[in-house]
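Trainee: Need coordinates for the below:
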Amino acid sequence: MISYSAFTTVTGKPAAEALGEALENMNPEPTGVGVFEVEDGSGLWEVAGYFTEAPDKGGLALLEAMHGASFVVSEIPETDWVAKVKRELAPVEAGRFFVYGSHDADKLPEGAEPLLIEAAMAFGTGHHGTTLGCLRALDHIATEGFVAQTVADIGCGTAVLAMGAARLWPAKIIASDIDQVAVDVALANAEANGLAGRIDCVEAAGLDHPDLAAAAPYDLIFANILKGPLLALAPDIAANLTSGGHAILSGILNEQAEEVIAVYSQVGINLTRKDVIGDWSTLLLSKSA
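Mentor: Residues are numbered from 1 along each chain as shown. Below you'll find the model as predicted:
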């Protein structure tokens with residue numbers, strides 16, 4: 001079955017939200033509408049509608065005239081996305097860590113630390129430069145002899161980073177995300193990796209949760225999110241990190257890295273290592289004594 005998308009970009013959040021709301025009222029109605037900021041500092045927002053039948057050309061033309069937009073309409077062929085992901089996402093090696101789907105279980109290298117993430121749960125598989133960079137930073141500090149007793153994974157997604165820490169140390173580990181679906185996925189992944197009971201998972205924004213407060217301070221904090229939330233979290237991360245502890249930060253475009261480094265330096269957390277993978281930077285920082 002063929003479905004359809006109608007995609008455009010506009011400048012600014014108010015304009016994008018207004019266009020998204022108008023798109024929802026089209027006839028035939030879209031099955032979904034997405035409004036997302038382009039994270040490149042351009043100020044552009046993406047607006048897209050998805051339809052089970054071809055969208056009305058006259059309706060789109062009217063929206064274009066009213067909102068100063070220009071839609072591109074595309075056919076979307078029916079796809080078994082899980083099967084496609086299984087074919088195209090090869091296992092990822094990040095230092096000692098081997099991130100894989102069950103369909104690649106026979107490829108597990110001897111001596112590697114396995115992290116099973118199924119294709120159906122493909123956000124945070126290790127293929128993205130941010131997750132890969134965080135796993136490399138984790139491998140680096142472990143190789144240097146660092147041992148964490150308490151770990152927080154903020155914005156955990158699949159909890160692949162929390163699970164990586166659990167493979168290394170018998171630590172108290174807590175993972176959090178603002179999305180309850182992600183929390184459920186994290187719990188399922190922990191169980192699938194034989195780590196049930198090793199990782200606590202909570203729905204929370206940043207470090208704002210009683211369980212996160214009770215487990216603080218942390219020897220290691222992961223935050224693989226975006227620049228804006230990372231900057232806002234700097235004081236909280238500093239307050240909840242032990243002296244000599246590490247923060248591993250990503251979700252940072254390369255041109256944003258210096259600003260993040262500067263803000264964290266102001267709260268006593270200083271850069272010790274930077275890993276650039278494609279367009280993304282991962283920062284390993286340490287809190288001064």
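
Trainee: any low-confidence regions in this structure?
Mentor: 1, 39-41, 78-90, 118-128 (pLDDT under 70).

Trainee: Check the gap between C201 and R273 for me.
Mentor: 28 Å (Cβ to Cβ, to the nearest Å). Glycine gets a C-beta too; all of them are placed from N, C-alpha and C.

Trainee: If you could redo that for L285, that was the one I meant.
Mentor: For L285 relative to R273 (Cβ to Cβ), the value is 8 Å.

Trainee: try A182
Mentor: For A182, the distance to R273 equals 27 Å [Cβ to Cβ].

Trainee: The two: which is more packed in?
Mentor: Neighbour count, other Cβ atoms under 10 Å: between A182 and R273, A182 has more, with 22 against 16.

Trainee: nearest residue to that one other than its sequence neighbours?
Mentor: G157 (5.6 Å; Cβ to Cβ, 6 or more residues apart in numbering).

Trainee: again with A257
Mentor: S281 (4.1 Å).

Trainee: Give me the buried positions along stretch 273-289.
Mentor: Using 16 or more other Cβ atoms under 10 Å as the test for burial, stretch 273-289 gives R273, K274, D275, I277, W280, S281, T282, L283, L284, L285, S286, K287.

Trainee: quick one: the helices in the chain?
Mentor: Counting by DSSP state H, the chain has helices at residues 13-24, 57-67, 81-88, 129-143, 160-168, 180-192, 210-215, 227-239, 257-266.

Trainee: Packing partners of the first one?
Mentor: If I follow you right, that is helix 13-24. Applying 3 or more Cβ pairs under 8 Å, 6 or more residues apart in numbering; DSSP states H and E, one finds that helix 13-24 makes contact with strand 3-11, strand 32-37, strand 44-51, helix 57-67.

Trainee: in it, what's buried?
Mentor: A16, A18, L19, G20, A22, L23.

Trainee: so which of the helices of the chain comes closest to L249?
Mentor: Closest approach to L249 among those (Cβ to Cβ): helix 227-239, 5.7 Å.

Trainee: mind listing what's buried in that closest one?
Mentor: Neighbour counts over helix 227-239 (16+ other Cβ under 10 Å) mark K227, L230, L233, A234, D236, I237, A238 as buried.

Trainee: ok, how many other residues are close to the closest residue to the third one other than its chain neighbours?
Mentor: By that I understand L233. In space, and not counting its chain neighbours, L233 is closest to G206: 5.1 Å by Cβ to Cβ, 6+ apart. The tally of other residues near G206 (other Cβ under 10 Å) stands at 19.
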